[in-house]
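Chemist: Using only what follows, build the 3D model:
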Amino acid sequence: DLDHVTIEYAGRDDGVSLNYTGVEIHSSDVRLSHATIRHSGGTGVYATGSGNVVLDSTTITGCTRYGVYAGGSITLTNSLIGDSGDYPLRIASKDIGASVFAENTFTGNTPDAVLVIGATLTGGHAWSPWLASYPLHLDWLQVGSAGTLTLPAGIGLHFDGDGEFGVDGTLTALGTENQPITMTANSDAPVPAFWNGLYFNSGSAGNLDHVTVEYAGRNDGVSLNYTGVEIHSSDVRLSHAIIRNCGGTGVYTTGDGDVTLQSITVTGCSRYGVYAGGAITLTDSLISDNADYALRIPAASIGSSELAGNTFSGNSPDAVLVPGGNLDGTHVWPASLAQYPVHLDWLTVASDAGLTLPPGVVLYMGEHKFLKAYGALLARGTPTMPITLTVNSPAPLAGSWQGLSLYGNSSGVLEYVTLEYAGDNDYSLPPSQT
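Modeler: Got it, this is the predicted structure:
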């Protein structure tokens with residue numbers, strides 16, 4: 001127990017220890033209060049192991065390496081760490097949750113940030129609100145399948161160029177309008193695709209509010225998606241989030257998880273704004289200035305998705321991309337789909353299937369492609385909201401796509417429907433059916 005103690009000009013290379021420190025603590029219970037550690041030839045305070053280490057109201061200054069190197073959990077409160085030749089604090093991510101941080105000041109260090117060493121988190125971890133005071137520099141972070149991590153409002157996670165944030169367990173990141181949580185590049189001149197991104201692996205869960213993910217989407221050599229946020233068969237909710245300047249798709253989802261994107265902004269990404277590999281809730285969101293479609297979604301997932309109140313602006317194009325597919329079962333496409341142009345390559349409704357199109361929807365079919373119904377097709381427009389089946393072409397001509405075909409025992413109701421630029425020769429049909 002040391003109080004009002006000054007230790008200075010220490011840290012000589014003794015030829016044994018590689019730490020060169022002013023105070024070195026190994027698996028010991030040590031309390032330093034109102035102490036001054038200065039001008040060490042290495043780290044000011046080096047602590048490792050399972051001891052109870054408390055640094056309170058302590059000044060650490062002018063050391064040539066770290067201010068504090070924490071090799072386990074630590075209590076660091078009311079302290080000043082200044083003018084270090086390296087980070088003021090170095091700590092492993094697995095030790096942050098069990099540490100206590102409050103009312104510290106970092107100034108003049110290189111840099112004034114916390115260096116966090118990557119680890120896989122198991123058990124419950126809730127990080128201190130004080131960590132929002134300074135940037136956290138990480139190489140990587142993983143929440144294990146049995147782990148939970150709660151991030152405080154206002155925290156900033158800055159990832160290295162090969163860094164990524166993976167979740168196999170549960171992530172809770174609830175920022176606020178005035179204190180958003182940021183996941184970004186550890187760079188003074190960040191560019192898209194600087195770091196890998198935030199990945200929710202199969203079976204994980206996440207609740208994120210007022211979170212910004214930016215400059216992600218780096219090619220990690222494993223995933224081919226290059227995304228800001230990647231969600232695989234997981235239950236994830238993103239609200240009031242900003243996903244921007246990604247080197248690929250902003251948000252990529254696949255599998256059967258419950259994914260909700262509410263009041264989010266996805267902008268400036270070099271591929272899709274949102275790539276939905278299954279059903280999704282996308283509401284009241286802005287998808288803008290992305291280099292590909294605002295939204296890509298399978299035909300079979302539209303009926304079980306919510307797509308209301310979104311704005312598409314400046315994408316290439318401002319439309320929904322629906323790849324060709326076969327529908328089985330009953331599908332009722334939502335009325336909100338009529339808000340957006342739908343670029344549908346081709347579609348087949350199976351004999352045991354049914355498709356209901358909402359009033360006002362415009363389907364832009366692929367050139368030389370088709371809409372074929374072997375089951376039921378219900379397309380009821382209105383005088384003010386007709387349904388339109390046309391071709392996806394900047395210069396449409398008669399016969400640009402094959403058209404609508406109903407086969408065998410199929411059934412169809414078409415009211416206030418416009419079908420145009422069809423009649424392409426389909427060599428699989430006799431002339432009477434084209």
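
Chemist: May I see the buried residues of the longest strand seen in the chain?
Modeler: When the chain is parsed with DSSP state E, its longest strand is strand 141-151. Within strand 141-151, the residues that count as buried by 16 or more other CB atoms under 10 Å are 141, 142, 143, 144, 147, 148, 149, 151. From N, CA and C alone the C-beta is placed, and that goes for glycine too.

Chemist: Can you tell me the strand partners of that strand and which way each runs?
Modeler: strand 120-126 (parallel), strand 164-167 (parallel), strand 170-174 (parallel) (DSSP bridges).

Chemist: so of those strands, which one's packed in deepest?
Modeler: Of all those, strand 164-167 carries the top mean neighbour count, a mean of 24, counting by mean count of other CB atoms under 10 Å.

Chemist: quick one: average pLDDT of the longest strand of the chain?
Modeler: Strand 141-151 carries an average pLDDT of 97.

Chemist: Just list what the very next helix or strand once past it packs against, helices and strands only.
Modeler: The helix or strand immediately downstream of strand 141-151 is strand 156-159, counting by DSSP states H and E. When contacts are defined as 3 or more CB pairs under 8 Å, 6 or more residues apart in numbering; DSSP states H and E, strand 156-159 packs onto strand 136-138, strand 181-185.

Chemist: Need these in JSON lines (columns: mean pLDDT).
Modeler: Listed next are the helices and strands packed on strand 156-159 as JSON lines, based on pLDDT from 0 to 100:
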{"stretch": "strand 136-138", "mean pLDDT": "98"}
{"stretch": "strand 181-185", "mean pLDDT": "98"}
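
Chemist: Just put these in TSV and tack on mean neighbour count and distance to residue 314.
Modeler: Below are the helices and strands packed on strand 156-159 laid out as TSV (neighbours: other CB atoms under 10 Å; distance: least, CB to CB, whole Å):
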stretch	mean neighbour count	distance to residue 314
strand 136-138	22	32
strand 181-185	22	22
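
Chemist: out of these, nearest to residue 32?
Modeler: With CB to CB as the measure, strand 136-138 is the member of these nearest residue 32 (23.8 Å).

Chemist: Show residues contacting the closest one.
Modeler: Applying CB atoms under 8 Å, 6 or more residues apart in numbering, the external contacts of strand 136-138 come out as 87, 93, 111, 113-116, 118, 155-160, 163, 165, 186.

Chemist: hmm, 7 Å instead?
Modeler: Identification of contacts with strand 136-138 by CB atoms under 7 Å, 6 or more residues apart in numbering yields 113, 114, 115, 116, 118, 155, 156, 157, 158, 159, 163, 186.

Chemist: could these be laid out in a markdown table, adding distance to residue 130?
Modeler: Converted to a markdown table, the contacts of strand 136-138 look like this (distance: CB to CB, whole Å):
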| residue | distance to residue 130 |
| --- | --- |
| 113 | 14 |
| 114 | 10 |
| 115 | 16 |
| 116 | 14 |
| 118 | 21 |
| 155 | 10 |
| 156 | 13 |
| 157 | 15 |
| 158 | 17 |
| 159 | 21 |
| 163 | 23 |
| 186 | 20 |
